[in-house]
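>>> Return a 3D structure for these sequence lines:
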Amino acid sequence: MASTLQAYGYEETLAASEKVAWRLDDLLGPQHRLDFQKPFLPETLARVRPLDFLSEGEQLRLNQIRGHGYLYMFGLVEEFILPFVLDHCRQGVAENHDRTRAFLQFAGEEAKHIELFRRFRREFEAGFPHPCEVIGPPEAVAEKVLGHHPLAVAITILHIEWMTQRHWVEAVQDDQDLDPRFKNLLKHHWLEEAQHAKLDTLMIQELALGCDSEELDQAVQEYLEIGAFLDQGLAQQVEFDLAALQLTTGRVLKEAEAQRLREIQHQANRWTFLGSGMSHPQFLATLESLKASFRKQLEQVAPAFC
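Numbering: from 1, shown residues only. Okay, here's the model as predicted:
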């Protein structure tokens with residue numbers, strides 16, 4: 001079902017962002033400890049229950065490993081979002097004071113999120129039995145992504161912002177079984193990303209003004225190329241998660257079990273980071289506003305990642 005593209009403004013978005021602002025120390029610290037007796041991710045994202053060859057305890061461990069990777073991935077992508085937003089902000093500093101303040105707030109919040117996820121990783125490593133390897137390094141990923149057309153990068157960022165909204169609203173918000181501390185991190189991340197989705201929509205509209213039809217086509221194609229690049233990383237992350245699970249549980253899976261885990265978990269990662277953003281109604285509405293054919297194009301691609 002088609003969605004109407006929402007109209008956003010810099011002044012009201014900045015005001016909303018300032019209203020929901022929070023401090024790092026409010027979320028992580030000695031009085032805020034992770035509970036490793038509880039899952040971190042909702043099952044719709046983790047998809048550990050189909051792995052019926054794992055015990056309940058092993059499924060819980062895999063859920064927590066996935067939760068660790070989930071927040072790491074947000075930190076990873078925010079490493080390229082931050083410099084991109086700052087570069088875009090510079091282009092109109094003298095034209096609109098509210099615009100400048102809003103984008104600087106956006107960048108400052110992304111920097112805060114990167115530090116939040118770093119602190120989370122340190123706390124996770126202090127409480128989890130074994131280290132969990134992750135893809136990267138973030139600098140290399142950022143360099144690869146930022147080498148694309150600016151509009152393609154902005155579309156990728158909007159995908160990530162709406163993906164975040166969808167995860168909280170549809171999966172996390174009403175799940176009462178999750179660790180309260182982890183859930184609280186996701187809530188506060190969502191609160192600020194809700195404003196970022198509005199600002200990135202405005203960013204895309206600005207960038208698209210300077211593009212002809214051929215350049216718009218190129219930007220959407222490059223967005224899909226960025227998605228394919230990230231998908232390769234998601235497949236590698238599954239291998240790291242499998243290794244961490246076996247190390248943590250002391251159990252070596254049979255080859256058939258390991259292959260089933262790879263297939264289910266790769267598709268779970270695809271939905272989490274690709275399909276859920278690519279198919280979000282507001283994301284599709286923004287792409288449709290650039291060119292009507294883009295919506296149909298993405299609706300044809302998205303099922304592979306769901």
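>>> When you work out contacts or count neighbours from here on, use the C-alpha atoms and nothing else.
OK.
>>> what ranges do the helices span in the stretch 101-250 of the chain?
Under the criterion DSSP state H, counting those that start in this stretch, helices of the stretch 101-250 of the chain are mapped to 138-146, 150-166, 180-209, 213-249.
>>> Ok, which of these comes nearest Phe124?
Of all these, helix 180-209 sits nearest to Phe124, with 10.3 Å by CA to CA.
>>> Tell me the buried residues in that closest one?
For helix 180-209, a neighbour-count test (16 or more other CA atoms under 10 Å) marks 180-205, 208 as buried.
>>> tell me the average confidence for it?
Averaging pLDDT along helix 180-209 gives 95.
>>> Tell me how far it lies from the chain's centre.
10 Å (CA atoms, centre = their mean, to the nearest Å).
>>> Determine the angle, from 0 to 180 degrees, between it and helix 150-166.
150 degrees (axes from the mean of the first three to the mean of the last three CA atoms, to 10 degrees).
>>> tell me what helix 180-209 is packed against?
helix 10-19, helix 97-127, helix 150-166 (3 or more CA pairs under 8 Å, 6 or more residues apart in numbering; DSSP states H and E).
>>> outside of the first one, which residues touch it?
Helix 10-19 is contacted from outside by Asp98, Arg99, Arg101, Ala102, Gln105, Glu192, Gln195, Lys198, Leu199, using CA atoms under 8 Å, 6 or more residues apart in numbering.
>>> Dump those residues into TSV; add distance to Glu222 as well.
Converted to TSV, the contacts of helix 10-19 look like this (distance: CA to CA, whole Å):
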residue	distance to Glu222
Asp98	30
Arg99	27
Arg101	29
Ala102	27
Gln105	27
Glu192	27
Gln195	25
Lys198	22
Leu199	21
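>>> tell me which of the residues you listed is nearest to Gly275?
Using CA to CA, the contacts of helix 10-19 come closest to Gly275 at Lys198, 20.1 Å.
>>> Enumerate every residue touching the closest one.
So Lys198 contacts Tyr8, Thr13 (CA under 8 Å, 6+ apart).
>>> before we move on, what about the one 3 residues further on?
Residues touching Thr201, when contacts are defined by CA under 8 Å, 6+ apart, comprise Tyr8, Leu158, Thr286.
>>> now Phe40
Counted by CA under 8 Å, 6+ apart, Phe40 has contacts Asn63, Gln64, Gly67, Leu178, Asp179, Phe182, Lys183.
>>> now the residues you listed as TSV including distance to Pro39?
Listed next are the contacts of Phe40 as TSV, based on distance: CA to CA, whole Å:
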residue	distance to Pro39
Asn63	6
Gln64	6
Gly67	8
Leu178	5
Asp179	6
Phe182	9
Lys183	10
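>>> Show me the one of the helices and strands packed on helix 180-209 that comes nearest Ala243.
helix 97-127 (15.6 Å).
>>> Please point out which parts of the closest one sit buried.
Result for helix 97-127 [16+ other CA under 10 Å]: buried residues 98-107, 109-114, 116-117, 119-121, 123-124.
>>> Assess the claim that Met163 and Gly277 are in contact.
Yes. At 4.1 Å, Met163 and Gly277 qualify as touching, with contact defined as CA atoms under 8 Å.
>>> follow-up on the earlier one: so which of the contacts of Phe40 would you say is closest to Asp25?
Nearest to Asp25 among these, with distances taken as CA to CA, is Phe182, at 14.2 Å.
>>> Correct me if wrong: the closest one contacts Arg33.
No. The pair Phe182 / Arg33 is not scored as a contact, 9.0 Å apart, by CA under 8 Å.
>>> Hmm, Asp25 and Arg119 touching each other?
No. The pair Arg119 / Asp25 is not scored as a contact, 10.1 Å apart, by CA under 8 Å.
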